[in-house]
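Colleague: got a predicted structure plus its sequence, pasted below:
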Amino acid sequence: MNEVKLRAATTLVLARKESRIVGVGTIKGVRKKYAAGIAGPRKSGYAFPSESPELGYVAVDPEHQRKGLSFRLVTELLRDRVGGVFATTDHEAMKKTLTTAGFERKGKGWRSQRNAELSLWIKS
């Protein structure tokens with residue numbers, strides 16, 4: 001994740017242990033064309049509002065993984081949010097986090113540029 005992408009985020013949550021950042025999560029700015037592409041037949045095939053923001057860049061330092069930190073980051077990102085949010089992932093642990101946070105998997109999976117099986121997740 002680079003500085004340009006962070007600056008485009010509408011919401012940013014950091015997790016710290018003392019002075020060290022050990023986790024980060026964002027809500028990305030609305031990208032209508034990108035969302036429409038995810039909803040399209042070449043990707044998920046599941047229609048959702050293109051004005052939906054995307055939850056993204058949830059990352060936890062390896063030393064602090066498997067302690068529920070990604071769920072806490074997602075919970076904070078969604079705390080005051082009104083309206084739907086979408087996420088895409090190929091990461092099994094993140095799928096569990098999204099499910100626990102109230103997201104539902106929608107549509108069909110598709111291949112990423114890294115040849116991973118991506119899936120669409122929606123929280124209404």
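Modeller: That came through fine.
Colleague: all helices for the chain, in order.
Modeller: 3-7, 32-39, 69-78, 92-100 (DSSP state H).
Colleague: the third one to helix 92-100, inter-axis angle?
Modeller: Read it as helix 69-78. Here helix 69-78 points in a direction 40 degrees away from that of helix 92-100 (axes from the mean of the first three to the mean of the last three CA atoms, to 10 degrees).
Colleague: output the contacting helices and strands for helix 69-78.
Modeller: strand 9-17, strand 20-28, strand 54-60, helix 92-100 (3 or more CB pairs under 8 Å, 6 or more residues apart in numbering; DSSP states H and E). (Each C-beta comes from the backbone N, C-alpha and C, glycine too.)
Colleague: deepest of the helices of the chain, which one?
Modeller: With neighbours taken as mean count of other CB atoms under 10 Å, the helices of the chain reach their highest mean count in helix 69-78, at a mean of 20.
Colleague: so it versus strand 20-28, what angle?
Modeller: Using the same axes, to 10 degrees: helix 69-78 against strand 20-28 is 50 degrees.
Colleague: and the contacts of helix 69-78?
Modeller: Here helix 69-78 makes contact (CB atoms under 8 Å, 6 or more residues apart in numbering) with 11, 13, 15, 22-27, 55, 58, 60, 85, 93-94, 97-98, 100-101, 123.
Colleague: CA atoms only: put that helix into CSV for me.
Modeller: Output of helix 69-78 as CSV, limited to C-alpha atoms (Å, rounded to 0.1, in the frame of the first residue of the first chain):
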residue,chain,number,x,y,z
LEU,A,69,-7.1,-7.6,15.3
SER,A,70,-8.4,-7.7,11.7
PHE,A,71,-12.0,-8.0,13.1
ARG,A,72,-11.4,-5.1,15.4
LEU,A,73,-10.1,-2.9,12.6
VAL,A,74,-13.1,-3.8,10.4
THR,A,75,-15.5,-3.1,13.3
GLU,A,76,-14.0,0.3,13.8
LEU,A,77,-14.1,1.1,10.0
LEU,A,78,-17.8,0.2,9.9
